[in-house]
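Colleague: quick check, what structure comes out for this input:
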Amino acid sequence: MADMYEMASAFLAAIDTDWQRHVSAVGPCLHQPHPARDPYESLVRAIAYQQLHAKAGDAILGRLVELFPGQAFPRPQQILATEVEQLRACGFSASKIATIQGIAQATLDGVVPDYPTARAMGDETLIERLTSLRGVGRWTVEMLLIYSLERMDILPADDFGVREGYRRLKRLEVQPTRKQMIEIGQAWRPYRTVAAWYLWRVAKA
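Modeller: Sure thing, here's the model as predicted:
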C-alpha cells in the first residue's frame, strides 16, 4: 500500500499550488487502515466516535472493552447481553446504545456481512445495505470502507474535517456544501481517500 499512497500523494500535489504546498508540508501519507476489523466492529467503533473528539471516543471504547477482559473487542452476542446501564456507564448515549444493539442484532441476522463478503461488495451496495440500519448513516459506512476495507476512493463529503480542511486549503469564507464537496472531489479520483486524509491534516499543518 505504501507505493499506492506515494502515487496518490504525487497525484494530489500535481493538482495545483495549494495542494502541492500542503502535501509538501504534511509529508508522505501515513494513513493506517485496520483490515483485521470486521464490519460489525468497525461500525460499532464508528458509532462511538460520532459527534465526539477522538479522545472522548477512545475513552468510551476503552471502557467498553474493559467490560470483557481477555478480548480485543466484544462480540455481538455480548453487546446484546450487556445491561443498558453498563453501556451508559461506558459513555454511550441512549441513542447510540440502541444503534450498537441494532448493529449487533443485524450481524447475527446476516444483514451486516462478514469481512470476506464485505470485501466483495461494491461501495454503494454496501452503503445502501448498512444505512438501512437505525442510526447508521453514510458517514459511518464510509469510515468502514476507508479503515476496514481499505478502499482508496472514498470521500466523506459530509465530514466536518474534510469540508473545513478544504475551506482552509483554499482560503474560502465558508465551507463547501456536501454537493459542492462531491463535485470538487471528482478531480481527486481515484485517490479520494488519501485526499480526505490530507484534508483532515490542514489545520495541523
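
Colleague: what's in contact with the lengthiest helix in the chain?
Modeller: Longest helix of the chain, by residue count under DSSP state H: helix 94-108. With contact meaning Cβ atoms under 8 Å, 6 or more residues apart in numbering, helix 94-108 is reached by 39-40, 43-44, 47-48, 50, 76-77, 79-80, 84, 87-88, 92, 112, 133-136. C-beta coordinates here come from the backbone N, C-alpha and C atoms, glycine included.

Colleague: I'd say residue 163 and residue 182 touch.
Modeller: No - taking contacts as Cβ atoms under 8 Å, residue 163 lies outside contact range of residue 182: 11.0 Å.

Colleague: pick out whichever of the two has more residues nearby.
Modeller: Taking other Cβ atoms under 10 Å, residue 163 and residue 182 do not tie; residue 163 has more neighbours (22 against 14).

Colleague: how much space between residue 58 and residue 64?
Modeller: Using Cβ to Cβ, to the nearest Å, one gets 11 Å for the distance from residue 58 to residue 64.

Colleague: nope, residue 93 is what I was after
Modeller: Taking Cβ to Cβ, one finds residue 93 at 13 Å from residue 64.

Colleague: picking up where we left off before, show the buried residues in the contacts of helix 94-108.
Modeller: 39-40, 43-44, 47-48, 50, 76, 79, 87, 92, 112, 133, 135-136 (16 or more other Cβ atoms under 10 Å).

Colleague: what's the closest of the residues you listed to residue 148?
Modeller: residue 39 (6.5 Å; Cβ to Cβ).

Colleague: hang on, the closest one packs against residue 112?
Modeller: Yes - counting by Cβ under 8 Å, residue 112 is a contact partner of residue 39 at 5.4 Å.

Colleague: touching stretch 59-77 from outside, list them.
Modeller: So stretch 59-77 is contacted by 37, 40-41, 44-45, 48, 52, 78, 82, 86-87, 89-92, 103-105, 107-108 (Cβ under 8 Å, 6+ apart).

Colleague: now do the end-to-end distance for it.
Modeller: In stretch 59-77, first residue to last residue: 22 Å (Cα to Cα, to the nearest Å).

Colleague: ok, stretch 31-38 next?
Modeller: Using Cα to Cα, the two ends of stretch 31-38 sit 18 Å apart.
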